[in-house]
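In: sequence and predicted model, in that order:
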Amino acid sequence: MGDVSGAKAEIDRLWGSQSDSRTGPKAKLTGRQVARRAIALADQNGIHALTMRSVAQALGVSPMALYTYFPSKNELIEVMVDETFTEPSLTSEMAGGWKERLIVVAERNWSLLMHHPWLADVEGFRPVLGPNVIAKYDFELSALEGVGLSDVEMDLVLATVLNFVRGAAKTKLDAAAAVHRTGQADDVWWRERGPLLAKVLGDRYPLAQRVGAAAGAHYDAPADPDLGFRFGLERLIDGIGLMLPRQSLRV
């Protein structure tokens, strides 16, 4: 049997059904305020550099004070994830048919990951069951409501789109990290290595050389993450359209 008390504490923490006050003197902060400060630090330095001590220092409190809100960094991150989903753009009204609405969902999630890159490193198989996460899920499902899919198919289609967005965003974020880590722009990296690679390859792997050279010349880099996102999303949406009843294609 799982830890029922731990599950209850998790839901209470996310939904605010327990008091945010500490024992003793009245708390000056709430758990959500702590999470918002931690988000700012993670946006700036990455999630791996985030520590309870660094958050406490930014808030001007002792590290031990934070443990009255969160037992560990993992619990803090759960609330941080839920708090990022409060951004109004994620649930503002969508116009158009199912295709346009689903594209908007994808673009908004792409933008969210660009603004909070650390989200790509912490969101896992088990979702954070917070109020903002659930509200976002409910809203995004509305892009598919009434198009002829079963409830399970709606969940699968949305998950497929969001998984694609996350993977494409991770590619772009990794590219930016490589530039930051090496101090070398992608076009410079490619121009230095492309001719050297062609020389050592000789006449081997002609198909890879032909396509790779064409792609490299087009991107002036190893790849173009933005183009890859747009191209892949369009193909994905086209594929989803094939499973919809014909009468629903214009909904």
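Out: Structure's in. What do you need?

In: show me where pLDDT drops low in the protein?
Out: 1-2, 17-27, 125, 246-251 (pLDDT under 70).

In: helices along that one, start to end?
Out: Taking DSSP state H, the helices of the chain run over residues 4-15, 31-45, 52-59, 63-66, 73-84, 98-115, 119-122, 131-141, 151-182, 186-201, 206-219, 225-242.

In: what's the second one in contact with?
Out: If I follow you right, that is helix 31-45. Applying Cβ atoms under 8 Å, 6 or more residues apart in numbering, the contact partners of helix 31-45 are 13, 16, 20, 49-50, 54-55, 58-59, 66, 69-70, 76, 79-80, 82-84, 115-118. Yep, even glycine has a C-beta here, placed from its N, CA and C like the rest.

In: at 7 Å what do you get?
Out: Under the criterion Cβ atoms under 7 Å, 6 or more residues apart in numbering, residues 13, 20, 50, 54-55, 58-59, 66, 69-70, 76, 79-80, 83-84, 116, 118 lie in contact with helix 31-45.

In: swap in the last one?
Out: By Cβ under 7 Å, 6+ apart, the list of residues contacting helix 225-242 from outside reads 99, 102-103, 106, 110, 157, 161, 164, 168, 171-172, 175, 249.

In: hmm, 10 Å instead?
Out: Here helix 225-242 makes contact (Cβ atoms under 10 Å, 6 or more residues apart in numbering) with 98-100, 102-103, 106-107, 110, 144, 147, 149, 153, 157, 160-161, 164-165, 167-176, 186, 218-219, 224, 248-249.

In: what about burial for those, which qualify?
Out: Neighbour-count burial within the contacts of helix 225-242 applies to 98-99, 102-103, 106, 110, 144, 147, 149, 157, 161, 164-165, 168-169, 171-173, 175, 186, 219, 224; the criterion is 16 or more other Cβ atoms under 10 Å.

In: re earlier: let's see the PyMOL selection covering just the buried ones among the contacts of helix 31-45.
Out: The buried residues among these can be selected in PyMOL (16+ other Cβ under 10 Å) with this line:
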select buried, resi 13+50+54+55+59+66+69+70+76+79+80+83+84+116+118
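
In: my read: residue 121 touches residue 81, true?
Out: No - using Cβ atoms under 10 Å, residue 121 makes no contact with residue 81, being 11.0 Å away.

In: neighbour-wise, which of those two wins?
Out: residue 81 (23 against 14; other Cβ atoms under 10 Å).

In: relative to residue 226, how far out is that one?
Out: 25 Å (Cβ to Cβ, to the nearest Å).

In: returning to what we had before: which of the helices of the chain sits most buried?
Out: Compared across the helices of the chain, helix 73-84 shows the largest average neighbour count, a mean of 21 (mean count of other Cβ atoms under 10 Å).

In: that one vs helix 31-45, what angle?
Out: Orientation of helix 73-84 against helix 31-45 (axes from the mean of the first three to the mean of the last three Cα atoms, to 10 degrees) gives an angle of 90 degrees.

In: mind giving me the packing neighbours of helix 73-84?
Out: helix 4-15, helix 31-45, helix 52-59, helix 98-115, helix 119-122, helix 131-141 (3 or more Cβ pairs under 10 Å, 6 or more residues apart in numbering; DSSP states H and E).

In: gap between that helix and the chain center?
Out: Relative to the centre of its chain, helix 73-84 is centred 13 Å away, using Cα atoms, centre = their mean, to the nearest Å.
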